[in-house]
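Colleague: Predicted model follows, preceded by the sequence.
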Amino acid sequence: MVHDPIVLVHDPIVLVHGSKIIVMKKMPKQFKSPLSITRKPLLDSKGKTDKQFRQLIYDLSVAGAKLEIARAHLARQLGVTSPQYNILMVVAQYQNSLGITISDVANHLHVTLSHVTTEAKKLEKGGWLSTFVNPNDRRARMLQINPNATEKIVVLGQSQRIINDDLFQNIGKAEFDNICKTLSKLVDDFTKTIKKLKL
């Protein structure tokens, strides 16, 4: 048995089925999502859409999550948590002959002083760090990598280099410099914004 073809004609919607003509109600307009930002430099299509901005948010979220997975992998190799790993890496990188102050570590990681203090105590108990009073300011505490822990961090460096070379394999020098400058601005703006939310 051969069926008559169905032809769909829009506005108004008409179904033509053989010799039968069926007039249907006009379909409602397609929903249009409101803009999620009003700053013109971040809008596209002459300020009519924010698709590129929204995609940036999605990409930043995914990139951040995947970076955390990679860093958690490195932390497990040392047998510490991700926050503890971050503290260890900052201390190892920035300490001098006197170590590095807890406040400087907090500033590099954009976290609170109490957070670094709490995690540093755990790392000291685990033999990773030494803490002592700053000889130049007895109100401040200093952190320093324990000599017994330095070899483990040096060995981890090979895994760090492999992972980071892969993560950033398509980034050139100019792009890298721009990313560093842009993210530094974003971190400051994000921090100010989150404080306003009063979570």
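Modeller: Done, it's in.
Colleague: so for the longest helix along the chain, what's the average pLDDT?
Modeller: The longest helix of the chain (DSSP state H) is helix 51-78. Averaging pLDDT along helix 51-78 gives 97.
Colleague: How far does it sit from its chain's centre?
Modeller: 5 Å (Cα atoms, centre = their mean, to the nearest Å).
Colleague: ok now the helix or strand following it, how far from the chain's centre?
Modeller: The helix or strand immediately downstream of helix 51-78 is helix 82-94, counting by DSSP states H and E. Taking Cα atoms, centre = their mean, the mean C-alpha location of helix 82-94 is offset from the chain mean by 17 Å.
Colleague: Can you spell out which helices and strands pack onto the longest helix of the chain?
Modeller: Counting contacts by 3 or more Cβ pairs under 8 Å, 6 or more residues apart in numbering; DSSP states H and E, helix 51-78 packs against helix 82-94, helix 147-167. Any C-beta I mention is one placed from the backbone N, CA and C, and that applies to glycine too.
Colleague: between that helix and helix 147-167, what angle do the directions make?
Modeller: If you take axes from the mean of the first three to the mean of the last three Cα atoms, to 10 degrees, helix 51-78 sits at 150 degrees to helix 147-167.
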